[in-house]
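J.: what shape does this take:
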Amino acid sequence: MLIILFLVVVILAYANGSNDNFKAMATLYGSSTLNYRSSLLLASIAQILGSLTSVILAGALLKAFSGKGLVPEAIAGDPTFLLAVGAGAAITVLMATRLGMPISTTHALIGGLVGSALALAPGELIWSSLGAKFLLPLLLTPFLATFGAAALYPIARMCRKKLNIDEVTCLCVGKSIEPVAITSEGAMVAARTGLELSVEQAEQCERRYLGSLIGIPAHRIVDWAHIFSGMSLGFARGLNDTPKIMALLMAVTWAGINSRLSLVIIAAAMCLGGLLHSARIASTMGRRITAMNRGQGFIANFIASGLAIGASLIGSPVSVTHVSTGAIFGIGVWTGRSDWKVVGEILLAWLVTLPIAATIAFLIALGAGLI
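T.: Below you'll find the predicted structure:
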């Protein structure tokens, strides 16, 4: 049973990486700051750093997701209970990844905890603890992220204009950058010479910031700040998610499981899942929710990483998926460029994550109990 539990936890870590790793770099990819491969590489590095640091900085989450406080300790340490929790969450997350839906592993784990508890300890699940410790933070933080991004973006935009930093469309050919104006007919006119231009590939044109701050080109400052914010969010993701997954192993205290080795294996499985299965999540998060520029992407990541890191340090089970996606929602709300069909699909996926994971865990727990 312990070997099966360990395999289930590794699969859950793999599923988590496949659905979550790229979210930290979604705005970098969506705004064309970095290409897909570069974004994926940085997401993987940031996640590994966050994962390896998580036991030191986010130990409270390890305790929170062990099941203790939700069910009696005898049940919380039962490998059958933990196996059902992990399997229910893993299957749910893998299905969502296949569909390209960015869902919360945290939600899936909570669903697994509830379903497994209802199967093995009916009547002993502490509902008040479930609401206060888990559901309340998870319900509040997407709204905080959406509101925070929507509120901060116009302030940042006003500051940019006060500093005389303009955002323009440029035709970039090699190292030559030519600002252009777009006419009502869709033609491009070179701002410097007035000549009308035509290009074969739209990728040759991009939005850039003209101007400088303390002698450094504004475009370079925004790009580096954006990359740093993505790395911070990726670090926060590893920091926040790794203890939740490790908790399923560490709860079996009598088994003498090596925590350091388990941490390395889980971090590696998360990284591998992200490297192999991020393409559909990248498309949804980076391109389908809303169009965004570099500055907007930085604002979204700044808000999301702040919420995620703060929550990890105080042991609050916040979903990095919810805060990162919520911040992108906030940018789309302000700019009016959201694809509300895609937003609706994501919200529906969030809504059904917990009951689906709970149902799967319930059935697995019942089946394992009959063996």
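
J.: ok, now which ones touch Ile11?
T.: Ile11 makes contact with 86, 90, 269 under the criterion Cβ atoms under 8 Å, 6 or more residues apart in numbering. Where you see a C-beta, it was placed from the backbone N, CA and C, and this is true even at glycine.

J.: pLDDT weak spots in the stretch 1-150 of the chain?
T.: Within the stretch 1-150 of the chain, the segments meeting pLDDT under 70 span 57-69, 128-134.

J.: helices of that one, start to end?
T.: Ranges of helices within the stretch 1-150 of the chain are 2-20, 26-30, 36-57, 59-64, 73-76, 79-99, 105-120, 127-130, 136-162, based on DSSP state H, counting those that start in this stretch.

J.: out of those, which gets nearest to Val333?
T.: Closest to Val333 of the helices of the stretch 1-150 of the chain is helix 136-162 (Cβ to Cβ; 5.2 Å).

J.: how far is that closest one from where the chain is centred?
T.: Relative to the centre of its chain, helix 136-162 is centred 17 Å away, using Cα atoms, centre = their mean, to the nearest Å.

J.: with distance to Gly330 added, can I get the helices of the stretch 1-150 of the chain in a markdown table?
T.: Below are the helices of the stretch 1-150 of the chain laid out as a markdown table (distance: least, Cβ to Cβ, whole Å):
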| stretch | distance to Gly330 |
| --- | --- |
| helix 2-20 | 20 |
| helix 26-30 | 12 |
| helix 36-57 | 21 |
| helix 59-64 | 25 |
| helix 73-76 | 37 |
| helix 79-99 | 22 |
| helix 105-120 | 20 |
| helix 127-130 | 28 |
| helix 136-162 | 3 |
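
J.: and Met292, which of those is closest to it?
T.: Met292 sits nearest to helix 26-30 of all those, at 5.6 Å, using Cβ to Cβ.

J.: need the next SSE after the helix or strand where Ile227 lies, C-terminal direction.
T.: Here Ile227 sits within helix 218-250, counting by DSSP states H and E. Next along the chain after helix 218-250, taking DSSP H and E as the criterion, comes helix 259-277.

J.: tell me what angle that next one forms with helix 36-57.
T.: Angle, helix 259-277 to helix 36-57, by axes from the mean of the first three to the mean of the last three Cα atoms, to 10 degrees: 160 degrees.

J.: alpha carbons of helix 259-277, as CSV, please.
T.: Provided in CSV are the C-alpha atoms of helix 259-277 (Å, rounded to 0.1, in the frame of the first residue of the first chain):
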residue,chain,number,x,y,z
SER,A,259,11.5,13.6,3.6
ARG,A,260,14.5,15.0,1.7
LEU,A,261,14.5,12.2,-0.9
SER,A,262,10.7,12.6,-1.3
LEU,A,263,11.0,16.3,-1.8
VAL,A,264,13.6,15.9,-4.6
ILE,A,265,11.5,13.2,-6.3
ILE,A,266,8.3,15.3,-6.1
ALA,A,267,10.1,18.5,-7.4
ALA,A,268,11.5,16.5,-10.3
ALA,A,269,8.1,14.9,-11.2
MET,A,270,6.5,18.4,-11.1
CYS,A,271,9.3,19.7,-13.4
LEU,A,272,8.9,16.8,-15.8
GLY,A,273,5.1,17.2,-16.1
GLY,A,274,5.6,20.8,-16.9
LEU,A,275,8.2,20.2,-19.5
LEU,A,276,6.1,17.6,-21.4
HIS,A,277,2.5,18.8,-21.1
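
J.: who touches stretch 324-338?
T.: The contact list for stretch 324-338 (Cβ under 8 Å, 6+ apart) reads 23-24, 26-27, 102, 141-151, 153-154, 233, 285, 289-292, 296-297, 299-301, 303-304, 308, 339, 343, 346.

J.: now do 7 Å
T.: For stretch 324-338, the external contacting residues (Cβ atoms under 7 Å, 6 or more residues apart in numbering) are 23-24, 27, 102, 142, 145-150, 153-154, 233, 285, 289-292, 296, 299-300, 303-304, 343, 346.
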